[in-house]
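Chemist: Provided below are the primary sequence and the corresponding predicted coordinates.
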Amino acid sequence: LEAQVNFVHSELTKLPSFPRKCLEFDLPILKGHVLKSHLLGIDAIHKQMWVWLLSTLFERMPADFAWASCDLVKFLTVYNGAIATHADESAVLRFTLAAYLTAAIRFNQTMLLKGYQHIMPVLFTMYRESKNDSIVCKSLEFIVKQFYVIHRKPFILQFLGSVAHLVYVDNPLSETIVTQDKIPSKLLYELLTCLEDDIVDPLDILDLVNYPKPLKNLDFCYRDEAPTITILEIIHLCVLTVGYAPESVRGKEMLKILEALTPHYILATKNTTKLMKNTSGAAKAELLCVHQLSSCIKGLAAVCESYSKNAFMGTSNKMDIVSSGNVRRNSSIILNSQNKSGQYGQGGSKGLGATGLPKSFLQPKQSFLFTGGKPVSGTWEPHRANLKIMPMTEVKERKYKLSLGDDEAIYREFREPRSSLLHFATICHSMCNQRVGELRRLLTEDSSKSSSSNSTNFEIIDAKTHSRLMEVALALLKVAPHDPLTLGCHGLQRYITELVPNTDWSSEANRNALNLLLKRLEKVFLKITKKHAIRRQVDWDFVSNLVKGVYDPPETAVRCPLRFHEGVFVRGPQLGFG
């Protein structure tokens, strides 16, 4: 039997058409066809048979089977395709989810390390697409709960890391229109809340799993823990992961998850207190949650020192103009994203081609690069490509695209974790600062206020944390003149427009951080003023937000009036602010 299993496995992995042949289906024939429902039923049976074949194969394999790097992904792709195309079919959904559970238990070590990252994005996407189908949503919540029961913290880390790029940080207080490739963070919060309670099996999925029920944890390290986890514990787990390796890929993914979950968690704790009619016990519980979030901010600011100390390794001339005979260093992607009015057309800027290069530079010239013989003069023609002749313009353009793509990736890698850290701190401060005062007044009115007065006196962000967050913001501002996306990143914008105006800068401990911010803003504005390319390409809405954050709110000037006589805001009229 083992030889037969190995034979089937080897033959499937060698097939070029696997797993494509298992999933393909001619969907256009369903449009307006009389036999549409029958054809869909045949396709559902076809995919269910493939799932049954692979599930039977998995059950016959040894638990310590040596999977190659991509073999398991190919087999799990069949499961993903079946549930993605026929999630509304209860039989296919039930059988596929049971196959997921069987594979997770059978190949314990493989799934523990890297298996869930290949299936959770698909299940999370299906959770969004089937939000109006209660059976599908309850089934997905149940399977996520069972995954956590058998693998606990490793499953949580793989799940959150694999869906971090899909989550859109929406506003919990308003409806947000999200594109098809993004999923609102509210759905992630709702899916994770199912881990706090026991979930009913709506389709009797466990009946198809040939293992002892109820399922138990497979790692002895977690056997004494309860099979539940709260949102606050997940937040602590994310903070712990970031603190262990802030520069790692997993650490940056956890920062995205933190800024996605935190606003919904704060709003949920506030609603819970209101439902309990603002009793002293509910107020103390909410205040304790705010205190723990404050500790998370302080801990992240302490361990993420590299975000403020590491130098930027990319080029800083992205929007500069070099000599007249060289390439203009600006990106068509950035031009198109910042040019909302579309006045520059497809190329993004007047006089520029679709690649961001000057149009005159892209015109064919008489200079060529060739592999042998004499130089060829005349205009380049496509039919001479077989002579391995390539215009010098094409060579330069290709090198330009490669270097620009590398720089864009470096900018994004530098920008995103710092923006997420600032955004997380700003969300906690903006949503909790006023709420803490309300909770303290509730406890003051209570007769037992003396027993908890000491525990309620804390700052959400202390002076040391302010200083560290300011260093992170300064690191982004150093790069901002050369990269419009960094200038307009949500973390930097919200930090300056929400957290800075609502901080008491009159104390000596905080004043130094504000002085550094104003000096850096002055340098940013001077760069924008002096360089025509930057001044033309910059998004002035983003620049005006920086000015409003430290100038328009009267509280900032009142709390720290010592810096507002200096030159940074005297130059405002030169930039067009007044």
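Modeler: Arrived safely.

Chemist: And the nearest residue to D204 once chain neighbours are set aside, how close does it get to I135?
Modeler: Leaving aside its chain neighbours, D204 sits nearest to R94 (7.4 Å; criterion: C-beta to C-beta, 6 or more residues apart in numbering). In this view, the C-beta of every residue, glycine as well, is placed from N, C-alpha and C. Counting by C-beta to C-beta, to the nearest Å, the separation of R94 from I135 is 10 Å.

Chemist: host element of P227?
Modeler: P227 belongs to no helix or strand when assigned by DSSP states H and E.

Chemist: Is it correct that it is in contact with F147?
Modeler: No: using C-beta atoms under 8 Å, P227 is not in contact with F147; the gap is 11.3 Å.

Chemist: and for R94 and I135, which residues touch both?
Modeler: Between them, R94 and I135 share these contacting residues under C-beta atoms under 8 Å, 6 or more residues apart in numbering: L203.

Chemist: So these two - more neighbours on which side?
Modeler: Neighbours per residue, other C-beta atoms under 10 Å: of R94 and I135, the larger number sits with R94, 20 against 15.

Chemist: And the host helix or strand of that one, what does it pack against?
Modeler: Assigning secondary structure by DSSP H and E places R94 in helix 90-106. Judged by 3 or more C-beta pairs under 8 Å, 6 or more residues apart in numbering; DSSP states H and E, helix 90-106 is in contact with helix 36-60, helix 71-85, helix 134-163.

Chemist: still on that earlier bit, compare P227 and F147 and say which is more crowded by neighbours.
Modeler: In this view P227 and F147 are compared by other C-beta under 10 Å, and F147 has more residues nearby, 25 against 17.

Chemist: Chain neighbours aside, what residue packs nearest to the more buried one?
Modeler: Per C-beta to C-beta, 6+ apart, closest to F147 is F155, 5.0 Å.

Chemist: do F159 as well
Modeler: M120 (4.7 Å).

Chemist: List the contacts of that neighbour.
Modeler: Contacts for M120 were tallied using C-beta under 8 Å, 6+ apart; they are 158-159, 162-163.

Chemist: quick one: which of these has the most company?
Modeler: F159 (26 neighbours).

Chemist: For Y168, see how far away that one is.
Modeler: 17 Å.

Chemist: Same check on D198?
Modeler: Separation of D198 from Y168 (C-beta to C-beta) stands at 30 Å.

Chemist: How many residues are close by P417?
Modeler: Close neighbours of P417, defined as other C-beta under 10 Å, add up to 23.

Chemist: swap in Y495?
Modeler: Applying other C-beta under 10 Å, I find that Y495 has 25 neighbouring residues.

Chemist: V436 too?
Modeler: Residues within reach of V436, counting by other C-beta under 10 Å, total 18.

Chemist: Use 197 as the first number from now on
Modeler: Yes, from this point I'll number from 197; that puts the last item at V632.

Chemist: The closest residue to it other than its chain neighbours: which element?
Modeler: Closest residue to V632 apart from its sequence neighbours, by C-beta to C-beta, 6+ apart: V486 at 5.9 Å. Here V486, judged by DSSP H and E, is contained in helix 476-499.

Chemist: so what secondary structure elements neighbour that helix?
Modeler: helix 427-440, helix 445-471, helix 588-641, helix 659-675.

Chemist: With respect to L249, which of the ones you listed lies nearest?
Modeler: With C-beta to C-beta as the measure, helix 445-471 is the member of those nearest L249 (34.3 Å).

Chemist: ok now the closest one, how far from the chain's centre?
Modeler: Here helix 445-471 is found 14 Å from its chain centre; the criterion is C-alpha atoms, centre = their mean, to the nearest Å.

Chemist: So what angle separates the directions of that helix and helix 476-499?
Modeler: Relative orientation of helix 445-471 versus helix 476-499 (axes from the mean of the first three to the mean of the last three C-alpha atoms, to 10 degrees): 160 degrees.

Chemist: tell me which residues in helix 445-471 are buried?
Modeler: 446-462, 465-466, 469 (16 or more other C-beta atoms under 10 Å).

Chemist: do stretch 689-704 as well
Modeler: Applying 16+ other C-beta under 10 Å to stretch 689-704 flags 689-699, 701 as buried.
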